[in-house]
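1. would you be able to build a 3D model of this:
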Amino acid sequence: MKRILAVLPHVIRAIALSLAAFGLALGLTSSAGLVSAMLGATLGVVGGQRLAASRFKLSLILGALLATLLLVGGFGKACVAWEIVPTVLGPSLTLSLVEVLRFAILPATVCAMMRSSAVRRPTFVGLELGFVAVAVTSVFAAHREGVISRPLWLADWAFRNDVDPARLILGAGFVAAFLLATLLLVERRSGRAISSLVVLVVLAVIGLLTIKAVGLPKPQPLVEAGRTDEQGEEPPPPPPGQDGGGGKPDEDKNDGGGGGTPQQPDGGGAGSPNDGGAQEGGGGTPPPPPSRLTEDPGNGGSPQPVAVVLLGDDYSPPSQSYYFRQEALSQWNGTRLVATGRGDADHDGVSTFPTEKTMVRDPVSPKGRMLVHQTVALLTEHANPFGLEAPISFAPAKNPNPSRFLRAYKVESLAQELDYQKLLGRPAGDPRWSPDLRTYYTLGPPDPRYGELANRIIQTLPEKVRKDPFAMALAVKTSLDHELTYSTKVHYAAKGDPTAEFLFGKKISYCVHFAHAAALLWRSLGIPARVVAGYRADEDARKGGSALVIKGGDAHMWPELYLDGVGWIVLDIAAERNLDPPATPQDEDLQRLLGNMARDESPDPEQPVKPPPRHYGRDAGIAGGSLLLLVVLVLYAAKIWRRFAPTVASSRALPRVGYRAALDMLAEVGLVRSFGETREAFAERASAAAPAFREITQLHVAASLRDPQTPMAARSELARTTWMPALAKLRSDLSAHTKAGRRFLGILNPASFFASR
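-> The predicted structure is shown next:
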């Protein structure tokens, strides 16, 4: 019982710090990082306790832990920066490795630093407890300002099982508070417990006063794009780079053409850049249907849903818009950009739906990108699959609702996290490209006006960045944002160069011409560029959940440029002026219904999702078996540690841990010291099977009885060179005098060391 009470504070502390790490990981990463963070925190507590018991100075311990943190962090960044690691492991596995390293080492080192500091300096206990209190309070009590649908994997599970996610979050906070209070009560020194309890209460009050624990965030006022507010004043444009790069907040929430509004009722998505055969009456070509984003437009501009995307990771794009790439157009045919006919270009996608997991031939580098998992359920026919931004793999998936969806598949993408500032200074193109392929990606019309306009634009740049590829591309994009006007009511001739007629004429059109204008201007500057067809959806359309409904009006074309080390970068055009009326907003009930269908849940949003039937006997058996397995693993870990502790113990602790290891060896073969039996008598009784145990007992007794003032160098019983050969001789004696079967059973017994006395 005394032994249990002695280790109880450490167990509770490990659980509390693990829960704090759980909270931090919950708001930042996926389940892999979550498990890594909890294990890291637990190991940090145990390791910090052991380091505090060593003879090393506290400053040396903290310095070594900090160096470890920096070293592992640098290694994680190197895994992404070095091309050899993603090449060998693959981008997906590389990012998972970096995530595990980050969320295992960070809690481990921080917890070890706090635990070792608290043991050496008791006044630091308040800092340790404060870390747990602040972590739990900030993450759980007001999870992301009331957004209980984050993280997506937890919220989806909760909603599927008819559980309020807020209850899980607040429940975890309650458990953490209970553990902290219990930890304070079992502290041995009451003065420390009382002072720490006061600190904990103060921190909790501060957290509740400074963090919004209840209620939802107030929505920002919305102003229709291209229209005046209630006072009749034109709303000022946001700074460049916001909402796709320079458009007004709602002007960029269009089909993606950069300046329209969501779901243009009469088109506005991707179409043929030469108008695909302009319609009579002067109307612009509306977007094509999702079956083929560059073919006959049909009713593609309809706000009807065409697909549902379930995001498996909590990803927020820098541009506040999700770009789902379906087809890349990079070959200049004299009139417009079309799909490539080369065998060495545009290998970062697939052209058919997968029947098994399929990796793209030329995946983008994971540097500056986040791995995002998606499940796509199609409501209408599509000629080829689409995926978020830079897909790296496609795989088939079970159709969640065959009566509603045509097919489903899974996608893994590397979505951009780098901001524009970090893209400066990178060369354009890929050094692996042949000269012919580089020429292919920079080929454009012979019209000299493209080059003249592009060069006039870049002359406005500061001299030091005038030759920087991304700075030049951004200058062109910003200029087009300012000069172009969005409208689906203007058409251009189907012959010649419709992009030139638009760009050097009225400058009024939609995303197809915007994308071609940017790509051709970039190409005139020698920057590899292409146009991509797919879908663009505003981040707000998620409504805080994991389901994103893609509509026909979201069909879109946008330009991309290639930078060395990061691959194809989306740099969409967002015209500041919009002549089209606003579109109908997304029906939230429809979005919830389709999201539930895609998750294979109840299709009726008014009916609560019925949890699956509970098998209490099976669940109890699984829970009991899991608990038993955990206990066995902990016992094995303790047994292994006791056996190998003499190799790392300090000189003063060596006689104790060495004698303990010897007792554990004897207990495995059934030789156990009786109650009341002296150490010397037990050594004599065990000498028949283990003669070396006599010497080990003598060393242990000598360390206990000899004058501690004797110089360390003169005390052989404290020398590792004395203990390690003695323990090795004991193992040899037991192998020679006991049966192999008996030794094997002793090794399998995880609790054999409990018999040691």
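2. state the distance from the closest residue to residue 737 other than its chain neighbours to residue 60.
-> Once flanking residues are discounted, residue 737 sits nearest to residue 689: 4.3 Å by C-beta to C-beta, 6 or more residues apart in numbering. In short, each C-beta sits where N, CA and C put it, glycine included. Relative to residue 60, residue 689 is positioned 43 Å away (C-beta to C-beta, to the nearest Å).
3. please apply the same query to residue 738.
-> 43 Å.
4. next one: residue 456
-> Taking C-beta to C-beta, one finds residue 456 at 62 Å from residue 60.
5. pLDDT below threshold where in the stretch 51-200 of the chain?
-> For the stretch 51-200 of the chain, the stretches flagged by pLDDT under 70 are 92, 123, 126, 128-157, 159-162, 164-166, 169-200.
6. again, only using 80
-> Residue ranges of the stretch 51-200 of the chain with pLDDT under 80: 55, 73, 76-107, 118-119, 121-200.
7. how about the stretch 451-600 of the chain?
-> Ranges of the stretch 451-600 of the chain meeting pLDDT under 80: 491-496, 541-546, 580-600.
8. what segments of it are strands?
-> For the stretch 451-600 of the chain, the strands defined by DSSP state E, counting those that start in this stretch occupy 485-486, 508-509, 529-538, 547-551, 555-563, 567-570, 577-578.
9. what angle do strand 555-563 and the longest one make with each other?
-> So that's strand 529-538. 130 degrees (axes from the mean of the first three to the mean of the last three C-alpha atoms, to 10 degrees).
10. please begin residue numbering at 52 from this point
-> Sounds good: first residue 52 from here, last item strand 580-589.
11. same for strand 580-589, what does it pack against?
-> strand 372-380, helix 486-493, helix 562-575, strand 598-602, strand 606-614, strand 618-621 (3 or more C-beta pairs under 8 Å, 6 or more residues apart in numbering; DSSP states H and E).
12. that strand: partners in the sheet, and parallel or antiparallel?
-> Sheet partners assigned to strand 580-589 using DSSP bridges are listed as strand 372-380 (antiparallel), strand 606-614 (antiparallel).
13. circling back: can you redo the strands of the stretch 502-651 of the chain as CSV with mean neighbour count?
-> Converted to CSV, the strands of the stretch 502-651 of the chain look like this (neighbours: other C-beta atoms under 10 Å):
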stretch, mean neighbour count
strand 536-537, 24
strand 559-560, 26
strand 580-589, 26
strand 598-602, 26
strand 606-614, 28
strand 618-621, 22
strand 628-629, 24
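14. now these in TSV, with distance to residue 523?
-> Shown next, in TSV, are those (distance: least, C-beta to C-beta, whole Å):
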stretch	distance to residue 523
strand 536-537	24
strand 559-560	23
strand 580-589	11
strand 598-602	33
strand 606-614	10
strand 618-621	13
strand 628-629	24
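15. of all the ones you listed, which one is nearest residue 434?
-> Nearest to residue 434 among the strands of the stretch 502-651 of the chain is strand 580-589; the distance by C-beta to C-beta comes to 11.0 Å.
16. just the C-alphas of the closest one, formatted as PDB.
-> C-alpha atoms of strand 580-589 as PDB (Å, rounded to 0.1, in the frame of the first residue of the first chain):
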ATOM      1  CA  ALA A 580       2.000  28.800 -65.900                       C
ATOM      2  CA  ARG A 581      -1.200  26.900 -66.700                       C
ATOM      3  CA  VAL A 582      -5.000  27.100 -66.300                       C
ATOM      4  CA  VAL A 583      -6.900  24.600 -64.100                       C
ATOM      5  CA  ALA A 584     -10.500  23.600 -64.300                       C
ATOM      6  CA  GLY A 585     -12.400  22.400 -61.300                       C
ATOM      7  CA  TYR A 586     -14.500  23.900 -58.400                       C
ATOM      8  CA  ARG A 587     -14.000  26.700 -56.000                       C
ATOM      9  CA  ALA A 588     -15.900  26.800 -52.700                       C
ATOM     10  CA  ASP A 589     -15.700  29.500 -50.100                       C
END
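17. comparing residue 740 and residue 111, which shows the higher neighbour count?
-> The neighbour comparison of residue 740 against residue 111 (other C-beta atoms under 10 Å) goes to residue 740, with 16 against 11.
18. from residue 152, how far off is the more buried one?
-> 47 Å.
19. low-confidence ranges in the stretch 302-451 of the chain?
-> Along the stretch 302-451 of the chain, segments meeting pLDDT under 80 span 302-354, 365.
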